[in-house]
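Chemist: sequence and predicted structure, then a few things I'm wondering about:
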Amino acid sequence: SAAILARALQGMEFDLILCGKQAIDDDCAQVGTALAELLDLPQATVITELELDPGARKAKAHREVDEGTEVLEVSLPAVFTAQKGLNEPRYPSLRGMMAAKKVEIEVRDSASLGLAPDAVGAGGSKTRIVSLSPPPTRPPGQIIEGEVADAVKELVRILREEAKVL
């Protein structure tokens, strides 16, 4: 995916490229970072907020980390991968939907971009899935009944003696 996108973007002018956080088929989260590498562009991943300063050709990207929020200043053009919460989707107006129907979208494929079939998709990927299995089953949850004070004591006992987390 990154190879075909990089080839399609050659010769185009742009300030930013937005990618999703990860793919739903293999969960690899590699297209955005690979695209940035192929285009030799700076990148910021899993961002939750983006502030653009086109005059300065810079952007501030915010992302959540264990310690709080990290703010990165990135030169434009750049690649950003979006985390949930970056944007609140909005519904198009009827006028917008009608206008969108009239727009011609150029369709390009690997052949029209001069890429061999084995250079894109699974054949061109640098990663391979070597094993895939469901997660181990978890024991069912417990419901602790009774008075609140007794239930809290029982919960603490379970966490200490059975779960060994306290």
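Modeler: Everything's here; your move. No experiment lies behind these values; they were computed from the predicted model shown.

Chemist: A strand includes Pro140, no?
Modeler: No. Pro140: not assigned to a strand; according to DSSP: H, G, I helix; E, B strand; the rest coil it is coil.

Chemist: now the helix or strand harbouring Ala149: buried residues?
Modeler: Assigning secondary structure by DSSP states H and E places Ala149 in helix 148-157. Residues of helix 148-157 classed as buried: none (neighbour count, 16 or more other C-beta atoms under 10 Å). Backbone N, C-alpha and C define where each C-beta goes, glycine included.

Chemist: hmm, who's touching that helix?
Modeler: Contact with helix 148-157 is made by 144-146, 166, as judged by C-beta atoms under 8 Å, 6 or more residues apart in numbering.

Chemist: do stretch 72-90 as well
Modeler: Contacts for stretch 72-90 (C-beta under 8 Å, 6+ apart): 14-21, 29, 32-33, 35-36, 39, 41-50, 52, 54, 57-64.

Chemist: now it: buried residues?
Modeler: Those would be 72, 74, 76-83, 86, for stretch 72-90 by 16+ other C-beta under 10 Å.

Chemist: where's the dip in pLDDT among those?
Modeler: Within the buried residues of stretch 72-90, the minimum per-residue pLDDT falls on Leu86 (85).

Chemist: what are the phi and psi angles of that residue?
Modeler: Dihedral pair for Leu86: phi -60, psi -40, per degrees, to the nearest 10.

Chemist: quick one: it and Gly55, what's the gap?
Modeler: 22 Å (C-beta to C-beta, to the nearest Å).

Chemist: would you check that Ile17 makes contact with Leu9?
Modeler: Yes. Assessed by C-beta atoms under 8 Å, Ile17 is found in contact with Leu9 at 7.4 Å.

Chemist: mutual contacts of the two, please.
Modeler: Shared contacts of Ile17 and Leu9 (C-beta under 8 Å, 6+ apart): Leu39.

Chemist: which one of those two has more residues nearby?
Modeler: Higher neighbour count among Ile17 and Leu9: Ile17, with 19 against 16, using other C-beta atoms under 10 Å.
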